[in-house]
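> only the shape, not the letters, is given here:
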(Lines give C-alpha, C1' and ligand atoms only; values in the text may rest on other atoms or scores of the structure.)
Protein backbone atom coordinates (compact mmCIF):
# COMPACT_ATOMS: atom_id res chain seq x y z
CA UNK A 1 0.00 0.00 0.00
CA UNK A 2 1.58 3.24 -1.12
CA UNK A 3 1.81 6.07 1.36
CA UNK A 4 -0.09 8.98 -0.17
CA UNK A 5 -0.82 12.54 0.83
CA UNK A 6 -4.41 13.17 1.95
CA UNK A 7 -6.80 13.88 -0.88
CA UNK A 8 -10.06 15.76 -1.06
CA UNK A 9 -11.89 12.80 -2.55
CA UNK A 10 -11.97 9.04 -2.65
CA UNK A 11 -10.40 7.05 -5.46
CA UNK A 12 -12.49 6.90 -8.62
CA UNK A 13 -12.79 3.10 -8.54
CA UNK A 14 -14.19 3.25 -4.98
CA UNK A 15 -16.89 5.71 -6.04
CA UNK A 16 -17.66 3.67 -9.16
CA UNK A 17 -17.97 0.47 -7.12
CA UNK A 18 -20.41 2.13 -4.72
CA UNK A 19 -22.52 3.10 -7.73
CA UNK A 20 -22.30 -0.45 -9.09
CA UNK A 21 -23.18 -2.40 -5.94
CA UNK A 22 -25.44 -0.01 -4.02
CA UNK A 23 -28.80 1.41 -5.05
CA UNK A 24 -28.79 5.05 -6.13
CA UNK A 25 -30.33 6.47 -2.95
CA UNK A 26 -28.24 4.50 -0.46
CA UNK A 27 -25.03 4.84 -2.47
CA UNK A 28 -25.49 8.56 -3.00
CA UNK A 29 -26.08 9.23 0.70
CA UNK A 30 -23.10 7.05 1.68
CA UNK A 31 -20.77 8.90 -0.70
CA UNK A 32 -21.86 12.27 0.64
CA UNK A 33 -21.11 11.25 4.22
CA UNK A 34 -17.63 10.05 3.26
CA UNK A 35 -16.81 13.09 1.14
CA UNK A 36 -17.95 15.44 3.89
CA UNK A 37 -15.71 13.63 6.37
CA UNK A 38 -12.77 14.06 3.99
CA UNK A 39 -13.51 17.70 3.33
CA UNK A 40 -13.73 18.51 7.04
CA UNK A 41 -10.73 16.31 7.87
CA UNK A 42 -12.83 14.64 10.56
CA UNK A 43 -11.22 11.70 12.31
CA UNK A 44 -13.65 8.95 13.21
CA UNK A 45 -13.66 8.38 17.01
CA UNK A 46 -12.59 4.76 16.46
CA UNK A 47 -9.42 6.06 14.75
CA UNK A 48 -8.16 8.09 17.72
CA UNK A 49 -5.03 6.56 19.27
CA UNK A 50 -4.03 6.67 22.89
CA UNK A 51 -0.65 8.21 23.70
CA UNK A 52 0.78 4.72 24.18
CA UNK A 53 -0.58 3.46 20.85
CA UNK A 54 0.77 6.54 19.10
CA UNK A 55 4.24 5.90 20.53
CA UNK A 56 4.09 2.23 19.47
CA UNK A 57 3.13 3.19 15.92
CA UNK A 58 5.81 5.87 15.62
CA UNK A 59 8.49 3.47 16.87
CA UNK A 60 7.39 0.83 14.37
CA UNK A 61 7.32 3.30 11.49
CA UNK A 62 10.81 4.45 12.36
CA UNK A 63 12.07 0.87 12.59
CA UNK A 64 10.56 -0.04 9.22
CA UNK A 65 11.70 3.04 7.31
CA UNK A 66 15.23 2.90 8.74
CA UNK A 67 15.76 -0.81 8.01
CA UNK A 68 13.99 -1.10 4.67
CA UNK A 69 16.08 -0.37 1.59
CA UNK A 70 13.01 -0.14 -0.61
CA UNK A 71 10.33 2.55 -0.54
CA UNK A 72 7.80 2.00 2.27
CA UNK A 73 4.69 0.12 1.14
CA UNK A 74 2.57 0.92 4.19
CA UNK A 75 0.66 4.04 5.17
CA UNK A 76 0.25 5.47 8.67
CA UNK A 77 -2.91 3.47 9.35
CA UNK A 78 -1.04 0.25 8.55
CA UNK A 79 1.77 1.07 10.97
CA UNK A 80 -0.70 1.84 13.75
CA UNK A 81 -2.69 -1.31 13.03
CA UNK A 82 0.40 -3.52 13.22
CA UNK A 83 1.50 -1.81 16.43
CA UNK A 84 -1.91 -2.24 18.10
CA UNK A 85 -2.18 -5.93 17.19
CA UNK A 86 1.34 -6.57 18.53
CA UNK A 87 0.51 -4.64 21.74
CA UNK A 88 3.66 -2.58 21.36
CA UNK A 89 6.03 -5.51 20.77
CA UNK A 90 8.04 -3.78 18.04
CA UNK A 91 10.06 -6.84 17.07
CA UNK A 92 6.90 -8.91 16.62
CA UNK A 93 5.27 -6.12 14.63
CA UNK A 94 8.40 -5.62 12.52
CA UNK A 95 8.49 -9.33 11.65
CA UNK A 96 4.87 -9.16 10.56
CA UNK A 97 5.48 -6.03 8.50
CA UNK A 98 8.35 -7.71 6.65
CA UNK A 99 6.22 -10.78 6.02
CA UNK A 100 3.40 -8.67 4.63
CA UNK A 101 5.81 -6.68 2.47
CA UNK A 102 6.91 -9.94 0.84
CA UNK A 103 3.28 -10.98 0.42
CA UNK A 104 2.38 -7.66 -1.23
CA UNK A 105 5.33 -7.87 -3.59
CA UNK A 106 4.73 -11.51 -4.53
CA UNK A 107 1.08 -11.01 -5.39
CA UNK A 108 1.15 -7.43 -6.66
CA UNK A 109 -1.18 -6.16 -3.94
CA UNK A 110 -2.32 -2.57 -4.58
CA UNK A 111 -5.49 -2.39 -2.40
CA UNK A 112 -7.50 -0.76 -5.18
CA UNK A 113 -11.22 -1.41 -5.13
CA UNK A 114 -10.89 -2.82 -8.64
CA UNK A 115 -8.36 -5.42 -7.52
CA UNK A 116 -10.33 -6.27 -4.38
CA UNK A 117 -13.53 -6.94 -6.35
CA UNK A 118 -11.55 -8.92 -8.96
CA UNK A 119 -10.16 -11.34 -6.37
CA UNK A 120 -13.31 -11.57 -4.27
CA UNK A 121 -15.35 -12.47 -7.36
CA UNK A 122 -12.68 -15.03 -8.23
CA UNK A 123 -12.81 -16.43 -4.69
CA UNK A 124 -16.61 -16.74 -4.84
CA UNK A 125 -16.45 -18.40 -8.24
CA UNK A 126 -13.72 -20.79 -7.14
CA UNK A 127 -15.45 -21.64 -3.84
CA UNK A 128 -19.22 -21.18 -4.28
CA UNK A 129 -20.98 -21.40 -0.95
CA UNK A 130 -17.83 -20.93 1.14
CA UNK A 131 -18.27 -17.27 2.13
CA UNK A 132 -21.54 -16.90 3.99
CA UNK A 133 -21.21 -13.54 5.73
CA UNK A 134 -18.87 -10.63 6.42
CA UNK A 135 -19.69 -7.48 8.30
CA UNK A 136 -18.43 -4.76 10.59
CA UNK A 137 -21.28 -3.65 12.82
CA UNK A 138 -21.69 0.16 12.56
CA UNK A 139 -22.64 0.46 16.24
CA UNK A 140 -20.43 -2.03 18.06
CA UNK A 141 -17.69 -1.86 15.35
CA UNK A 142 -17.22 -5.61 15.78
CA UNK A 143 -16.23 -7.66 12.73
CA UNK A 144 -17.61 -11.08 11.82
CA UNK A 145 -16.57 -13.53 9.09
CA UNK A 146 -18.55 -16.75 8.46
CA UNK A 147 -17.27 -19.67 6.33
CA UNK A 148 -18.25 -23.18 5.35
CA UNK A 149 -15.10 -25.22 4.72
CA UNK A 150 -16.65 -28.10 2.75
CA UNK A 151 -16.48 -25.84 -0.33
CA UNK A 152 -12.77 -25.14 0.01
CA UNK A 153 -11.13 -28.49 -0.74
CA UNK A 154 -7.43 -29.09 -0.24
CA UNK A 155 -4.26 -28.39 -2.18
CA UNK A 156 -4.84 -31.36 -4.47
CA UNK A 157 -8.08 -29.79 -5.69
CA UNK A 158 -6.31 -26.47 -6.15
CA UNK A 159 -3.57 -28.18 -8.14
CA UNK A 160 -6.13 -29.78 -10.44
CA UNK A 161 -7.84 -26.43 -11.00
CA UNK A 162 -4.54 -24.70 -11.72
CA UNK A 163 -3.62 -27.36 -14.29
CA UNK A 164 -6.84 -26.62 -16.15
CA UNK A 165 -5.86 -22.98 -16.45
CA UNK A 166 -8.23 -20.05 -15.99
CA UNK A 167 -10.07 -18.92 -19.08
CA UNK A 168 -12.07 -16.20 -17.39
CA UNK A 169 -11.34 -13.89 -14.49
CA UNK A 170 -8.42 -14.91 -12.25
CA UNK A 171 -8.99 -18.61 -12.92
CA UNK A 172 -8.76 -21.33 -10.28
CA UNK A 173 -5.57 -20.94 -8.34
CA UNK A 174 -3.84 -20.70 -5.00
CA UNK A 175 -3.35 -16.98 -5.63
CA UNK A 176 -7.11 -16.46 -5.87
CA UNK A 177 -7.50 -18.32 -2.57
CA UNK A 178 -4.79 -16.60 -0.54
CA UNK A 179 -5.32 -13.08 -1.95
CA UNK A 180 -9.08 -13.43 -1.64
CA UNK A 181 -8.77 -14.40 2.03
CA UNK A 182 -6.28 -11.59 2.60
CA UNK A 183 -8.70 -9.02 1.25
CA UNK A 184 -11.58 -10.37 3.32
CA UNK A 185 -9.56 -9.91 6.51
CA UNK A 186 -8.24 -6.54 5.33
CA UNK A 187 -11.77 -5.25 4.69
CA UNK A 188 -12.96 -6.32 8.13
CA UNK A 189 -10.57 -3.82 9.72
CA UNK A 190 -11.84 -0.46 8.43
CA UNK A 191 -10.83 1.22 11.70
CA UNK A 192 -8.66 0.63 14.76
CA UNK A 193 -11.67 -0.50 16.75
CA UNK A 194 -11.66 -3.73 14.75
CA UNK A 195 -7.96 -4.21 15.51
CA UNK A 196 -8.51 -3.67 19.23
CA UNK A 197 -11.68 -5.72 19.68
CA UNK A 198 -10.67 -8.50 17.33
CA UNK A 199 -12.41 -10.50 14.64
CA UNK A 200 -15.01 -13.19 15.26
CA UNK A 201 -14.54 -16.07 12.82
CA UNK A 202 -17.22 -18.75 12.59
CA UNK A 203 -16.36 -21.86 10.55
CA UNK A 204 -18.76 -24.69 9.73
CA UNK A 205 -16.96 -27.93 8.78
CA UNK A 206 -20.20 -29.96 8.39
CA UNK A 207 -18.31 -33.03 9.67
CA UNK A 208 -16.19 -33.06 6.53
CA UNK A 209 -13.37 -35.63 6.56
CA UNK A 210 -10.10 -33.71 6.28
CA UNK A 211 -7.06 -35.36 4.69
CA UNK A 212 -3.35 -34.71 4.12
CA UNK A 213 -4.23 -32.27 1.32
CA UNK A 214 -6.31 -30.23 3.77
CA UNK A 215 -3.37 -30.25 6.18
CA UNK A 216 -1.03 -28.97 3.44
CA UNK A 217 -3.59 -26.31 2.57
CA UNK A 218 -3.60 -25.04 6.15
CA UNK A 219 0.18 -25.12 6.42
CA UNK A 220 0.62 -23.07 3.23
CA UNK A 221 -1.98 -20.52 4.34
CA UNK A 222 -0.28 -20.25 7.73
CA UNK A 223 3.24 -19.82 6.34
CA UNK A 224 2.36 -17.35 3.62
CA UNK A 225 -0.30 -15.19 5.25
CA UNK A 226 -1.67 -15.95 8.71
CA UNK A 227 1.65 -15.71 10.58
CA UNK A 228 2.10 -12.12 9.37
CA UNK A 229 -1.39 -10.70 8.98
CA UNK A 230 -2.09 -7.99 11.60
CA UNK A 231 -5.35 -9.39 12.93
CA UNK A 232 -6.59 -9.90 16.47
CA UNK A 233 -9.17 -12.65 17.04
CA UNK A 234 -11.69 -12.44 19.84
CA UNK A 235 -12.98 -15.85 18.84
CA UNK A 236 -12.53 -18.61 16.27
CA UNK A 237 -15.53 -20.91 16.59
CA UNK A 238 -15.28 -24.13 14.58
CA UNK A 239 -18.56 -26.05 14.32
CA UNK A 240 -19.46 -29.60 13.24
CA UNK A 241 -15.90 -30.90 13.21
CA UNK A 242 -14.93 -34.50 12.49
CA UNK A 243 -12.48 -36.42 14.66
CA UNK A 244 -9.73 -35.89 12.08
CA UNK A 245 -10.48 -32.16 11.92
CA UNK A 246 -10.26 -31.93 15.71
CA UNK A 247 -6.84 -33.58 15.65
CA UNK A 248 -5.57 -31.31 12.84
CA UNK A 249 -6.79 -28.14 14.55
CA UNK A 250 -5.18 -29.25 17.82
CA UNK A 251 -1.94 -29.84 15.93
CA UNK A 252 -2.05 -26.39 14.31
CA UNK A 253 -2.89 -24.40 17.44
CA UNK A 254 0.63 -24.22 18.94
CA UNK A 255 1.95 -22.72 15.70
CA UNK A 256 -0.72 -20.04 15.34
CA UNK A 257 0.05 -16.45 16.38
CA UNK A 258 -0.61 -15.88 20.07
CA UNK A 259 -3.57 -13.58 19.42
CA UNK A 260 -5.32 -16.33 17.43
CA UNK A 261 -4.46 -19.62 19.14
CA UNK A 262 -5.77 -18.49 22.55
CA UNK A 263 -9.26 -18.01 21.11
CA UNK A 264 -9.89 -21.17 19.06
CA UNK A 265 -12.97 -23.10 20.20
CA UNK A 266 -14.30 -26.31 18.62
CA UNK A 267 -18.04 -26.85 18.97
CA UNK A 268 -20.67 -29.45 18.07
CA UNK A 269 -23.87 -28.81 16.14
CA UNK A 270 -25.99 -28.70 19.27
CA UNK A 271 -23.92 -25.77 20.48
CA UNK A 272 -24.39 -24.02 17.14
CA UNK A 273 -28.16 -23.75 17.53
CA UNK A 274 -27.81 -22.62 21.15
CA UNK A 275 -25.08 -20.10 20.49
CA UNK A 276 -26.50 -18.39 17.42
CA UNK A 277 -30.29 -18.40 17.33
CA UNK A 278 -31.69 -20.79 19.93
CA UNK A 279 -33.53 -22.64 17.17
CA UNK A 280 -33.10 -26.02 15.55
CA UNK A 281 -30.56 -25.39 12.81
CA UNK A 282 -27.13 -27.02 12.93
CA UNK A 283 -25.80 -25.30 9.78
CA UNK A 284 -24.33 -21.84 9.39
CA UNK A 285 -25.54 -21.86 5.80
CA UNK A 286 -29.13 -22.09 7.05
CA UNK A 287 -28.52 -18.99 9.12
CA UNK A 288 -26.54 -16.86 6.68
CA UNK A 289 -27.01 -18.35 3.20
CA UNK A 290 -30.57 -17.17 2.70
CA UNK A 291 -32.57 -16.64 0.56
CA UNK A 292 -30.10 -18.00 -2.04
CA UNK A 293 -26.40 -18.42 -2.72
CA UNK A 294 -26.51 -15.70 -5.38
CA UNK A 295 -28.09 -13.21 -2.95
CA UNK A 296 -25.59 -14.16 -0.23
CA UNK A 297 -22.64 -13.48 -2.56
CA UNK A 298 -24.13 -10.22 -3.85
CA UNK A 299 -24.66 -9.08 -0.27
CA UNK A 300 -21.04 -9.93 0.57
CA UNK A 301 -19.69 -7.95 -2.42
CA UNK A 302 -21.87 -4.97 -1.57
CA UNK A 303 -20.61 -4.96 2.01
CA UNK A 304 -17.02 -5.38 0.81
CA UNK A 305 -17.34 -2.20 -1.27
CA UNK A 306 -18.71 -0.13 1.62
CA UNK A 307 -16.01 -1.44 4.00
CA UNK A 308 -13.31 -0.55 1.46
CA UNK A 309 -14.76 2.95 1.16
CA UNK A 310 -14.75 3.38 4.95
CA UNK A 311 -11.16 2.19 5.19
CA UNK A 312 -10.01 4.44 2.33
CA UNK A 313 -11.61 7.44 4.02
CA UNK A 314 -9.94 6.64 7.35
CA UNK A 315 -6.57 6.10 5.65
CA UNK A 316 -6.72 9.52 4.03
CA UNK A 317 -7.69 11.42 7.17
CA UNK A 318 -5.43 9.59 9.64
CA UNK A 319 -1.86 10.87 10.07
CA UNK A 320 0.56 9.76 12.75
CA UNK A 321 2.28 13.14 12.86
CA UNK A 322 -1.03 14.77 13.72
CA UNK A 323 -1.56 12.26 16.54
CA UNK A 324 1.89 13.03 17.88
CA UNK A 325 1.26 16.76 17.74
CA UNK A 326 -2.11 16.52 19.44
CA UNK A 327 -0.75 14.33 22.24
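Done, it's in. Keep in mind that this is a model prediction, so the values were computed, not measured.

> all contacts plus neighbour counts: C-alpha atoms, from now on.
Will do.

> so where do the strands sit in this structure?
131-136, 143-148, 199-204, 233-239, 264-267 (DSSP state E).

> so which of these gets nearest residue 246?
strand 264-267 (7.5 Å; CA to CA).

> low-confidence regions, the stretch 201-327 of the chain specifically.
Residues of the stretch 201-327 of the chain meeting the criterion pLDDT under 70: 207, 209-213, 252, 255, 257-259, 261-281, 324-327.

> coming back round to it: nearest to residue 312, of the strands of the chain?
Closest among these, using CA to CA: strand 131-136, at 15.0 Å.

> I'd like to know which elements the closest one is packed against.
Packing contacts for strand 131-136, counted by 3 or more CA pairs under 8 Å, 6 or more residues apart in numbering; DSSP states H and E, involve strand 143-148, helix 284-288, helix 293-317.

> what are the pairing partners of it, and which direction each?
Using DSSP bridges, the strands paired with strand 131-136 are strand 143-148 (antiparallel).

> follow-up on the earlier one: in a markdown table: the helices and strands packed on strand 131-136, plus mean neighbour count and distance to residue 28.
Listed next are the helices and strands packed on strand 131-136 as a markdown table, based on neighbours: other CA atoms under 10 Å; distance: least, CA to CA, whole Å:
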| stretch | mean neighbour count | distance to residue 28 |
| --- | --- | --- |
| strand 143-148 | 21 | 24 |
| helix 284-288 | 18 | 27 |
| helix 293-317 | 21 | 12 |
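
> in space, what's closest to residue 77 - neighbours in sequence excluded?
Counting by CA to CA, 6 or more residues apart in numbering, residue 315 is the residue found nearest to residue 77 once chain neighbours are left out, at 5.8 Å.

> look up how far residue 200 lies from that neighbour.
Plainly put, residue 315 is 23 Å away from residue 200 if you go by CA to CA, to the nearest Å.

> one more: residue 293?
22 Å.

> the stretch 151-300 of the chain: helices as residue ranges?
155-164, 174-187, 192-197, 212-221, 243-252, 258-261, 269-276, 284-288, 293-317 (DSSP state H, counting those that start in this stretch).

> need those in CSV (columns: distance to residue 109).
Shown next, in CSV, are the helices of the stretch 151-300 of the chain (distance: least, CA to CA, whole Å):
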stretch, distance to residue 109
helix 155-164, 20
helix 174-187, 8
helix 192-197, 21
helix 212-221, 17
helix 243-252, 27
helix 258-261, 24
helix 269-276, 35
helix 284-288, 29
helix 293-317, 14
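
> what's the closest of the ones you listed to residue 29?
helix 293-317 (12.0 Å).

> right, I'll leave it there.
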